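> pasting a predicted model and its sequence here:
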Amino acid sequence: MTAARSSAAWEWNPSTWRDLVVTHQPDWPDSCELTRARLRLASEPPLTSPEDVREVRQALAEAAAGRAYVLQGGDCAEPFGVAARRGALAKDKILGVLAERISHAMDVPVLTIGRLAGQFAKPRSEPTEVIDGEVMPTFRGLAVNSPLPVASQRVPDARRMVTAYHSARAVMDDLARRRTGDHHGRTSRDGLSWRHNGMWVSHEALLLDYEEALVRVDPNTGGWYLASTHFPWIGERTRAADGAHVEFLSGIANPVGCKIGPDAVLDEVVALCAKLDPERRPGRLTLICRLGAHRVRTLLPPLVRAVRDAGHPVVWMCDPMHGNTRTTGTGVKTRHLDDITGEAEAFHETLHELGEWPGGLHLELAGEDVTECLGGSGVPDETVLPRRYTSLCDPRLNNEQALLTVEGVLRSGLP
Ligand code: PEP
Ligand code: MN
């Protein structure tokens, strides 16, 4: 912590995170390329508007108050270009189907948020990996390096951040066209759903050089907002309350999410809430819990009580994916549908027992017929996994598995 930071005169700006410890950033080899990429991004048009960001925040406030449900989903790591555009439309479609199902069963509006138009950077536990005997840097998302198993392609390249922006922009343009186009079949049975507004977007705000360059001033309020997305979140590995990522997101007007894993210490979570939601405003903060199927019933109640005692009206969201990742005997990363539905059901039941509203579900899903997670009729056993395993990072649900997860949630004792 710097002297300036602890003084009363400390004031946030988009680059104050640079004074703090920052983790999971690439070691960009060429500082001139990095500067050029940052300047270029800073001169590009915003991807979201302050009005839309405010609307998402208001919708999340409804979820915090128990009057709405949030469905967030998409790839672990998004592809570029045409694949990103095709993937986004497929995800819009399945999220819409799931939202209609939930809205109908729960009789509340469902807000759909894609994990896309910016989900291009990954934190990794290991900086290097060995492929066919060769040591190389790990893949960190297309905004950083290539997934190809070639050491030279794995070197971080700052120009990729500009490509990432343009890829996100093409997706946003497609979504906007959908929104203003034919709405037939896209509104819910009673107008309760927000589906007619289309899908909002989110991603992990990990690459702070990218995010900082896309902070803009809201001309109506004079405040700062993050124009790279509607709803940025902080990952499990970068949520230190005194770290750079939390500092960065503390000063922007967008609603923000934060992942909470099984190792989270209660005092840390309370400190995090204090920093991200000092005014205790409904809709500002969503805690995305990813505790694991076998630990959620034990770990969730003290967490909920601590946050409630501290007075933060958060949205409690369940990510049943990231606490349940396994590797098969042949080295394939997968997840069992039983674990995913098990955690989702236990999460909803536990919140219900605590008198709190389970505000939403966060899924990694493809919108396509992939074979990455185990379960359902399409992926009965491990031998099927390699057939259509196309994820750039973590295993995603196919449409049948996503529907089965939602049906599990709907069985878990909701009103
Ligand atoms: C992710 O959402 O892909 C991710 C890396 O999650 P977490 O930060 O919860 O591990
Ligand atoms: Mn993931």
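Looks like it came in fine. Numbering: from 1, shown residues only. Ligands and ions are numbered 1, 2, ... in the order given.
> and the stretch 51-200 of the chain, which residues reach ligand 2?
When proximity is defined by C-beta under 5 Å from the ion, the stretch 51-200 of the chain lies next to ligand 2 at C76. The way it works is simple: take the backbone N, C-alpha and C, and place the C-beta from them, glycine included.
> please enumerate the helices of the stretch 1-150 of the chain.
If DSSP state H, counting those that start in this stretch is used as the criterion, the helices of the stretch 1-150 of the chain fall at 3-6, 31-43, 50-64, 81-106.
> now the second one, how far from the centre of its chain.
This points to helix 31-43. Distance of helix 31-43 from its chain centroid, counting by C-alpha atoms, centre = their mean, to the nearest Å, is 25 Å.
> for it, what is the average pLDDT?
Model confidence over helix 31-43 averages 98 on the pLDDT scale.
> same question for the longest one.
With pLDDT averaged residue by residue, helix 81-106 scores 94.
> and that helix, what other elements does it pack with?
Helices and strands touching helix 81-106, by 3 or more C-beta pairs under 8 Å, 6 or more residues apart in numbering; DSSP states H and E, are strand 69-74, strand 110-115, helix 159-180, helix 399-410.
> quick one: closest of those to R18.
Taking C-beta to C-beta as the criterion, helix 159-180 is the member of the helices and strands packed on helix 81-106 that comes nearest to R18, at 16.6 Å.
> what helices or strands is that closest one leaning on?
Helix 159-180 makes packing contacts with helix 31-43, helix 81-106, strand 200-204, helix 208-213 when contacts are defined by 3+ C-beta pairs under 8 Å, 6+ apart.
> give me whichever of these is most buried.
Among the helices and strands packed on helix 159-180, the stretch with the highest mean neighbour count (mean count of other C-beta atoms under 10 Å) is strand 200-204, at a mean of 28.
> so how far is that strand off the chain centroid?
The chain centroid and the centroid of strand 200-204 are separated by 6 Å under C-alpha atoms, centre = their mean.
> name every strand pairing with that strand and say which way it goes.
According to DSSP bridges, the neighbouring strands of strand 200-204, each with its direction, are strand 110-115 (parallel), strand 231-234 (parallel).
> tell me which of those sits most buried.
The stretch of the strands paired with strand 200-204 with the highest mean neighbour count (mean count of other C-beta under 10 Å) is strand 110-115, at a mean of 27.
> show me what contacts the residue nearest to R295 when sequence neighbours are not counted?
Residue nearest to R295 in three dimensions, not counting chain neighbours: P262, with 5.3 Å by C-beta to C-beta, 6 or more residues apart in numbering. The neighbours of P262, taking C-beta atoms under 8 Å, 6 or more residues apart in numbering as the test, are L291, G292, R295, L299, G323.
> just to revisit the earlier point, could you export the strands paired with strand 200-204 as JSON lines, including mean pLDDT?
Listed next are these as JSON lines, based on pLDDT from 0 to 100:
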{"stretch": "strand 110-115", "mean pLDDT": "95"}
{"stretch": "strand 231-234", "mean pLDDT": "98"}
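> TSV for those strands, including distance to ligand 1?
Converted to TSV, these look like this (distance: least, C-beta to the nearest ligand atom, whole Å):
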stretch	distance to ligand 1
strand 110-115	7
strand 231-234	8
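> out of the ones you listed, flag the one nearest L276.
Taking C-beta to C-beta as the criterion, L276 comes closest to strand 231-234 out of these, the separation being 8.2 Å.
> hmm, that closest one in reach of ligand 2?
No. Interface with ligand 2: strand 231-234 contributes nothing (C-beta under 5 Å from the ion), its closest point being 11.7 Å away.
> centre of the chain to that strand, how far?
In terms of C-alpha atoms, centre = their mean, the centre of strand 231-234 is found 6 Å from the chain centre.
> just stretch 266-286 next, same as before
So, by C-alpha atoms, centre = their mean, the centroid of stretch 266-286 is 17 Å from its chain's centroid.
> residues contacting that stretch, please?
Applying C-beta under 8 Å, 6+ apart, the set of residues contacting stretch 266-286 from outside is 57-65, 70, 231, 233, 239-242, 246-247, 249-250, 255-258, 260, 287, 302-303, 306-307, 310-317, 359-360.
> and the closest residue to ligand 1 within the chain, what does it touch?
For the chain, the nearest residue to ligand 1 under the criterion C-beta to the nearest ligand atom is G235, separated by 3.1 Å. Listed by C-beta under 8 Å, 6+ apart, the contact partners of G235 are H24, P123, E204, L206, H245, K259.
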